[in-house]
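Chemist: sequence first, then the predicted structure:
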Amino acid sequence: MARFLRPLFLGTTYTRLLHLWVPTLFVSVWLFIDMSRPWVPAVLLIPLGLVPAVRRSEGVQARYMLAPDEPREGDRDAAISLAPSATWRDRLRTVLWLEVRMGLGAVTTGVTVWMPVTAIELAGAACGRPVDITLLPLSPPPWACALLVPVPLLALYGAVVGLGELVTVIARRLLGPSPAERLAALEERTEQLLERTRIARELHDSIGHALTVAVVQAGAARAAGDPAFTDRALLAIEDTGRAALEDLERVLGVLREAGRPASGRPTLSDADRLLESARGSGAKVDAEVTGALETVPGPVSREGYRILQESLTNVLRHAGSVPVRVRIAVDDGTLGLEVRNPLAAGISGPGRGSGLRGIRERAALLGGRARTGPDGGDWQVRVELPLR
């Protein structure tokens, strides 16, 4: 019983009823003008539905009056679109929706007017008042009229709830996102997921590198016991921490401003900063750059910088102060990046976490390839990225 009466206590039941009543206002105005041609409002809805903005207007009404609990504007899973008509198919769906809405509104108005009147007439007949034959062609006895009073009220209740559900289902079908809108929403969702992945990599590479350098420098300074070396280590930690804060601010800026360009991110032209940071941590870095780095496209150069950063971070974290050979080459439409260091005994290789996976994913997203692993007694990271 409680489940049967539940719609009586839902605000949605009454907003749907109001939504169904609205078209009858337009029809009522026309009937005051010319009652002999009641079909004119239905004809006028055809050119009205072809206006692109009408679909948005109807979507707003349907979203807030028929399905207020569904996702709102900007949510990917919204079943009712708020976009204007973009194609003729959307316009025709809007026209059909307007005609259906008007038809269901007429039915709802008839039900909500005549059912209560019928119940009142039955109650009057039960009290001995003469029966209106236009409402009750049969003349049941008073006791039968008393028993029949709840019938039109139950019919009214069922019709209001049923018509509200019906118009909501139809609205989802006719005002729902078109295939093009669904595809655009899917592409937007994919872009957002890719952006989240990129931000996670940025944080991992930048902050991980800074923390690794700080740990290595602090440990070396404590073991050395040399005030001059300690001063240099603290200076390196300060510089690395400042650079990490700048990178963190860039990443947070992307989160705060969706349209912020990526041009502020470091590129391979800033590789000297990474190399000096590694040298300051005790690694003996032998770097060689061939080709013009300024000709490397921005996306490739930025990803190359992060790959180099993660490679050097892995060396410092897992191998310590060892000789490192870095080769960066721009040639034949390809950016080549190689980082090699001696493979310490008893260590199968650095970077067993997400760092090496991130290197391979960065290369794959740009159509390149990456190889990481032991190579002739060294640990090697070799990446090739196409420039086009």
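Modeler: Nice, thanks for sending it over.

Chemist: what strands line up against the host helix or strand of V326, and which way round?
Modeler: Assigned by DSSP states H and E, V326 falls within strand 323-331. Pairing partners of strand 323-331, with direction, according to DSSP bridges: strand 284-290 (parallel), strand 334-342 (antiparallel).

Chemist: quick one, helices of the stretch 101-250 of the chain?
Modeler: 142-148, 150-174, 179-224, 227-256 (DSSP state H, counting those that start in this stretch).

Chemist: distance of V339 relative to L211?
Modeler: To L211, V339 is 19 Å away according to CB to CB, to the nearest Å. Just so you know, the C-beta spots here come from the backbone N, C-alpha and C atoms, and that holds for glycine as well.

Chemist: what's the nearest residue to A106 if we skip its chain neighbours?
Modeler: T24 (6.5 Å; CB to CB, 6 or more residues apart in numbering).

Chemist: which one of the helices of the stretch 101-250 of the chain lies closest to Y64?
Modeler: The closest of those to Y64 is helix 150-174. By CB to CB, the value is 11.5 Å.

Chemist: what's the average pLDDT for that closest one?
Modeler: Averaging pLDDT along helix 150-174 yields 91.

Chemist: okay, the strand or helix carrying T24 in CSV with CA atoms only?
Modeler: Using DSSP H and E, T24 falls within helix 11-33. This file holds the C-alpha atoms of helix 11-33, laid out as CSV (Å, rounded to 0.1, in the frame of the first residue of the first chain):
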residue,chain,number,x,y,z
GLY,A,11,7.4,16.4,-6.1
THR,A,12,8.2,14.9,-9.5
THR,A,13,4.5,13.7,-9.9
TYR,A,14,3.3,17.3,-9.7
THR,A,15,6.0,18.9,-11.8
ARG,A,16,5.2,16.3,-14.5
LEU,A,17,1.5,17.2,-14.2
LEU,A,18,2.4,20.9,-14.6
HIS,A,19,4.6,20.1,-17.6
LEU,A,20,1.6,18.3,-19.3
TRP,A,21,-0.7,21.2,-18.5
VAL,A,22,1.5,23.9,-20.1
PRO,A,23,0.6,23.2,-23.8
THR,A,24,-3.1,23.5,-23.0
LEU,A,25,-2.6,27.1,-22.2
PHE,A,26,-1.6,27.8,-25.8
VAL,A,27,-4.5,25.8,-27.1
SER,A,28,-7.0,27.5,-24.7
VAL,A,29,-5.9,30.9,-26.0
TRP,A,30,-6.4,29.8,-29.6
LEU,A,31,-9.9,28.4,-28.8
PHE,A,32,-10.9,31.8,-27.5
ILE,A,33,-9.9,33.2,-30.9
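
Chemist: return the most buried member of the strands paired with strand 323-331.
Modeler: Most buried of those by mean neighbour count (mean count of other CB atoms under 10 Å) is strand 334-342; its value is a mean of 21.

Chemist: hmm, back to that, next, format the helices of the stretch 101-250 of the chain as CSV and append mean neighbour count and distance to L308.
Modeler: What follows is the helices of the stretch 101-250 of the chain, written out as CSV (neighbours: other CB atoms under 10 Å; distance: least, CB to CB, whole Å):
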stretch, mean neighbour count, distance to L308
helix 142-148, 15, 86
helix 150-174, 17, 51
helix 179-224, 16, 10
helix 227-256, 15, 14
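
Chemist: of all these, which one is nearest W39?
Modeler: Each of those has some distance to W39 by CB to CB; the shortest is helix 150-174, at 21.2 Å.

Chemist: give me the helices and strands touching the closest one, please.
Modeler: helix 11-33, helix 88-126 (3 or more CB pairs under 8 Å, 6 or more residues apart in numbering; DSSP states H and E).

Chemist: what's that helix in contact with?
Modeler: Residues outside helix 150-174 that contact it (CB atoms under 8 Å, 6 or more residues apart in numbering) are 7-8, 12-13, 16-17, 19-20, 62, 66-67, 79-80, 93-94, 96-97, 100-101, 104, 107-108, 111-112, 115-116, 118-119, 122.

Chemist: return the set of buried residues in the helix or strand following the helix holding T24.
Modeler: Towards the C-terminus, the helix or strand next in line after helix 11-33, according to DSSP H and E, is helix 40-49. With burial defined by 16 or more other CB atoms under 10 Å, the residues of helix 40-49 counted as buried are P41, L45, G49.

Chemist: so what's the last one up against?
Modeler: In this structure, G49 makes contact with R55, R91, L92, T94, V95, L96, W97, L98, judged by CB under 8 Å, 6+ apart.

Chemist: what about the strand holding V326, average pLDDT?
Modeler: 90.

Chemist: then stretch 121-131?
Modeler: 78.

Chemist: ok, stretch 217-228 next?
Modeler: Stretch 217-228 shows a mean pLDDT of 74.

Chemist: alpha carbons of it, as PDB, please.
Modeler: The C-alpha coordinates for stretch 217-228 follow below in PDB (Å, rounded to 0.1, in the frame of the first residue of the first chain):
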ATOM      1  CA  GLN A 217      72.100  14.800  -1.800                       C
ATOM      2  CA  ALA A 218      71.100  14.700   1.900                       C
ATOM      3  CA  GLY A 219      72.500  11.200   2.300                       C
ATOM      4  CA  ALA A 220      75.800  12.100   0.600                       C
ATOM      5  CA  ALA A 221      76.200  15.300   2.600                       C
ATOM      6  CA  ARG A 222      75.600  13.400   5.900                       C
ATOM      7  CA  ALA A 223      78.200  10.700   4.900                       C
ATOM      8  CA  ALA A 224      80.800  13.200   3.600                       C
ATOM      9  CA  GLY A 225      81.100  15.300   6.800                       C
ATOM     10  CA  ASP A 226      82.500  18.100   4.600                       C
ATOM     11  CA  PRO A 227      81.000  21.500   5.300                       C
ATOM     12  CA  ALA A 228      81.800  22.700   1.700                       C
END
